[in-house]
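*Asks:* the following block contains a protein sequence and its predicted model.
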Amino acid sequence: MIAIIGAGRMGEALLAGILHTGRDAAEVLISEAREDRAAELCQRYGVAAASPAEAAARADTLLLAVKPQDMVAALNEIAPALPPGRLVISVAAGITTAVLEKHLPAETAVVRAMPNTPALVGQGMTAIAAGTHTLEEHLDRAETLLRSVGEVVRVPEKHLDAVTALSGSGPAYFYLVAEAMIEAGVLLGLPRPTAERLVTQTAVGSAAMLRDSGDHPTLLREAVTSPGGTTAAALRELERHGLRSAFADAVEAACRRSAELAEG
Ligand SMILES: NC(=O)C1=CN([C@@H]2O[C@H](COP(=O)(O)OP(=O)(O)OC[C@H]3O[C@@H](n4cnc5c(N)ncnc54)[C@H](O)[C@@H]3O)[C@@H](O)[C@H]2O)C=CC1
Ligand SMILES: O=C(O)[C@@H]1CCC=N1
């Protein structure tokens, strides 16, 4: 039995992804503080709801997807009911395995994970790191579970704030670029639905090439950039507006914020 504690946006993405891979809904519990939200998800996915304590007692794997600011309260609800030998996976930004271990019974196996919302469609990217009492077998279990919603990499925990800044928050950067491109198309007089369709398929096609061609993004970009052409004119403007340093600053800010969240 798997229990998802905190079924907000990320909790639902994980729930949907896990069920999509054929896991029986009877094998998944959700625990969600907002009753209307819990009822909506139970109806949509056919899973049962339980209190955090009940979920802790019944599930062998707990997936914690509450906000970092709510994590200690959630751990305190779970800890008294948690039998030995359970695996606790947290996806909260910034919350270290040391914090998780401090609020759980001694020797609980914890895994800190950072997924992203494309998990909802089975295209997630998750990085995982082990706690002090986490054995290879626990990491394998976490990896197998999270692989049901996309790709998984193992990283040392010291890299997880950077991972959070890059792939955890990363989908938002791509969506912002998509929004900005759609508005630019509308500015040029394209009907909005046309601009949306052009941008969406351009994003999907570019992502497929990035993943499948084996070529570095630089080579793929160069192949679009004809000498003296339109792309070169556009790229010069993006460079003039400092796009690369904007990304460096943005990702650094996200990484700093992730580290701050650990402090509560
Ligand atoms: N949204 C994203 O793209 C990603 C989010 N995360 C992490 O996932 C966690 C959740 O983020 P979101 O889903 O965006 O937030 P959210 O606010 O949509 O979801 C959190 C949910 O937890 C519930 N909750 C709070 N305390 C609870 C408790 N004690 N027991 C049961 N339910 C409780 C809330 O009612 C809420 O529905 C955060 O820690 C975040 O860092 C990680 C990767 C990506
Ligand atoms: O914005 C956040 O804090 C969460 C963590 C990574 C993506 N969303």
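*Replies:* Nice, I can see it. Ligands and ions are numbered 1, 2, ... in the order given.

*Asks:* packing partners for the helix or strand harbouring Val204?
*Replies:* Using DSSP states H and E, Val204 sits in helix 192-212. Judged by 3 or more CB pairs under 8 Å, 6 or more residues apart in numbering; DSSP states H and E, helix 192-212 is in contact with helix 170-187, helix 217-224. All C-beta spots, glycine's among them, are computed from the backbone N, C-alpha and C.

*Asks:* quick one: buried residues of the first one?
*Replies:* For helix 170-187, the buried set under the neighbour-count rule, 16 or more other CB atoms under 10 Å, comprises 170, 181-182, 185.

*Asks:* got JSON lines for the helices and strands packed on helix 192-212, with distance to Thr117 and mean pLDDT too?
*Replies:* Listed next are the helices and strands packed on helix 192-212 as JSON lines, based on distance: least, CB to CB, whole Å; pLDDT from 0 to 100:
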{"stretch": "helix 170-187", "distance to Thr117": "5", "mean pLDDT": "98"}
{"stretch": "helix 217-224", "distance to Thr117": "22", "mean pLDDT": "98"}
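
*Asks:* close to ligand 2: what parts of the stretch 1-150 of the chain are there?
*Replies:* Taking CB under 6 Å from any ligand atom as the criterion, the stretch 1-150 of the chain approaches ligand 2 at residues Ala93.

*Asks:* buried set for stretch 222-236?
*Replies:* Per 16+ other CB under 10 Å, stretch 222-236 contains no buried residues.

*Asks:* so Phe46 sits against Ala25, correct?
*Replies:* Actually, residue 46 is Gly rather than Phe. Yes: Gly46 is within contact range of Ala25, at 4.1 Å (criterion: CB atoms under 8 Å).

*Asks:* ok, and does the worst-scoring helix or strand of the chain on mean pLDDT reach over to ligand 1?
*Replies:* One helix or strand of the chain scores below all others by mean pLDDT, DSSP states H and E: helix 9-20, with a mean of 92. Yes: using CB under 6 Å from any ligand atom, we find that helix 9-20 touches ligand 1 at 9-11.

*Asks:* pull the residues that contact that helix.
*Replies:* 2, 4-5, 7, 25, 28, 30, 32, 41, 45, 47, 63, 65, 91, 115, 117-122, 124, 145, 148-150 (CB atoms under 8 Å, 6 or more residues apart in numbering).
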